[in-house]
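**Q** need a structure here:
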Amino acid sequence: FEGFKIQNADFYAAPFTQWLYNVELTGSNILFTGNEVSQDGDPREYFFDGAWGRGIAVGGRHVTVANNFIRGMYMGITSDGGSDRYHWFRNNTIYASMASGVVVGGTNDNSTGFLRVVVEGGRIDTSFQEDAIQLDHGRWNNDAMPYTHAKGVLIRGVFMANCAENIVDIKGHQHTIIDSCIAIRSIGDDDGIFDPPWESGDANYLQHDAGSGAAIARGYNATDSPNANFRLVLRRSIILDNMGGVDLAHDGGDHVINNVIMNNNTDYRGPGQSLGGGFNGWIRNTAARCFMNNVVVDRHLIAWNWLMNYSNTFRLDYNLYYNPNGEATFLYRSNTSSPDQVQAEGLSQWQTAMSSDGYENLLGQDDHSIEEPPAFASVPALPTGWSASWDFRPAQSSPLLDAGGEYCHAANTSGASSTLLVVDDAYFFTDGYGVTRGDIIRIGIGAPVVVTAIDYTTNTITIDTPRTWVAGAPVSLAWSGSGVDIGARE
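**A** I've put the predicted structure just below:
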């Protein structure tokens, strides 16, 4: 399907509880490309409770939705699960959604089928009530569905901006990778709505309730229980000028590595207020997790509401923290005493806190982390909004250069001209789910190779070109120079 224009569907004629689809794709092996699905005007004026309009509803198998323009829908693109489905949403522009730009649901029954979705490229801009992307394993019928039904989502290279709640809200899915994305200007409130005039680009927000959200938010529905197999990998992304930066899961195994998290203290009245901060985490399970190789710059809080139970499975190291207006500030909860938050001023106090007070077993207490300006090639000290001229690569004298840590290691086996690599944690990486290209990685100091398949159960990675390595060799996404850089750009 190519070259169509569907505009100004009559949402008012619907029964109060009816779902409305401008386009419904229910077949197999469909390509929907180069089309426009749009509604003129302000969607806050023509959507009401129950009359929910989906721009493109994907319910088929192996569907590609690419290079489309979608504007003014309640939800831009939605996808439900089913039996062994793969979908690719590529290079779409989704603008002015009432709720979320993209919603990925799980299976709508108790089958053993699975859903894998790649959202790649394009722009999702302005969601009046919720998020740019919402991942909800039981979105339509059953909030208590097991995580295993929605196997994985890859969000790669998407520009996402101006959302009332979060940029990406992850309520489900067994394995989510957010890679090389830009996430800016989310308000962070469940009931937040943009205040007009939104078309002018003004940063005016209407404060409904006091919120504490983040650009990348992790959560679970009331019927769910903590699940160590519920994993988010956030990497090589720029998270900027939101109410909060990254909300680590209460109930999953998060890997947050090689990101830039800057100036995330924006409240509903615009930037530079007193809410939010770089990252938080309140962890309740023993899954392997990490926060590594990140740049966190904030005038308010680097970390807040930090509580790391089972800390012997958490790697915290090789980060750069910086406050242009003073010492970096961290708020954390003691694992051994009062639930009240304790304030650490400066990296040294934070390192001391992370080596005591119940955090003694952390795998790295930010031992190799630094506190100084990141020295990007060309980025303001506390940027707001977005400029395409900003360059987040390290400058020649930057402390970020070659200062990062490796992602994982080859397991207790060496390889001799082999294409099968067993590592201690394969969840850092993706094979593209058979939809798009897999990751480019380096084993030791060897030449880069492409990941073509991953068995997460056995931590076995298949690569496209034979390589030789020794047991324990470091494995990371491809890097240049003499080692992995800190930050989102090599």
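
**Q** For the stretch 301-450 of the chain, which segments count as strands?
**A** Secondary structure of the stretch 301-450 of the chain (DSSP state E, counting those that start in this stretch): strands at 303-308, 314-317, 320-322, 329-333, 341-345, 363-365, 370-371, 376-378, 391-394, 408-409, 415-422, 440-443, 449-455.

**Q** Between the ones you listed, which one is closest to Ala473.
**A** strand 440-443 (5.5 Å; CB to CB). In this view, the C-beta of every residue, glycine as well, is placed from N, C-alpha and C.

**Q** about what we covered before: please tabulate the strands of the stretch 301-450 of the chain in JSON lines, including the columns distance to Val246 and mean neighbour count.
**A** Putting the strands of the stretch 301-450 of the chain into JSON lines (distance: least, CB to CB, whole Å; neighbours: other CB atoms under 10 Å) gives the following:
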{"stretch": "strand 303-308", "distance to Val246": "10", "mean neighbour count": "23"}
{"stretch": "strand 314-317", "distance to Val246": "13", "mean neighbour count": "22"}
{"stretch": "strand 320-322", "distance to Val246": "14", "mean neighbour count": "25"}
{"stretch": "strand 329-333", "distance to Val246": "14", "mean neighbour count": "22"}
{"stretch": "strand 341-345", "distance to Val246": "18", "mean neighbour count": "15"}
{"stretch": "strand 363-365", "distance to Val246": "18", "mean neighbour count": "18"}
{"stretch": "strand 370-371", "distance to Val246": "19", "mean neighbour count": "18"}
{"stretch": "strand 376-378", "distance to Val246": "19", "mean neighbour count": "16"}
{"stretch": "strand 391-394", "distance to Val246": "17", "mean neighbour count": "18"}
{"stretch": "strand 408-409", "distance to Val246": "20", "mean neighbour count": "20"}
{"stretch": "strand 415-422", "distance to Val246": "29", "mean neighbour count": "15"}
{"stretch": "strand 440-443", "distance to Val246": "23", "mean neighbour count": "21"}
{"stretch": "strand 449-455", "distance to Val246": "24", "mean neighbour count": "18"}
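
**Q** okay, which residue is most central for this protein?
**A** The centre of the chain sits closest to Ile178, judged by CA atoms, centre = their mean, with a distance of 4.3 Å.

**Q** Just the element for that one, please.
**A** Secondary structure from DSSP states H and E places Ile178 in strand 175-179.

**Q** And the contacts of that strand?
**A** Outside strand 175-179, the residues that touch it by CB atoms under 8 Å, 6 or more residues apart in numbering are 135, 151-157, 168, 170, 216, 231-237, 427, 430, 456.

**Q** now, which of these lie within helices?
**A** Among the contacts of strand 175-179, none falls in helices (DSSP state H).

**Q** So for stretch 96-107, mean pLDDT?
**A** Averaging pLDDT along stretch 96-107 yields 82.

**Q** Residue ranges in the stretch 301-450 of the chain under the pLDDT threshold?
**A** The model of the stretch 301-450 of the chain has pLDDT under 70 over residues 309-311, 335-339.

**Q** Adjacent strands (with direction) for the strand or helix carrying Ile56?
**A** Here Ile56 is covered by strand 52-58, with elements defined by DSSP H and E. If you go by DSSP bridges, strand 52-58 pairs up with strand 19-25 (parallel), strand 75-79 (parallel).

**Q** Show the secondary-structure elements that the longest strand belonging to the chain is packed against.
**A** Longest strand in the chain, counting residues (DSSP state E): strand 460-469. Here strand 460-469 touches strand 415-422, strand 440-443, strand 449-455, going by 3 or more CB pairs under 8 Å, 6 or more residues apart in numbering; DSSP states H and E.

**Q** In CSV, list these along with distance to Gly326.
**A** CSV is the format used below for these (distance: least, CB to CB, whole Å):
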stretch, distance to Gly326
strand 415-422, 45
strand 440-443, 38
strand 449-455, 42
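
**Q** wait, which of those is closest to Asp298?
**A** strand 440-443 (30.8 Å).
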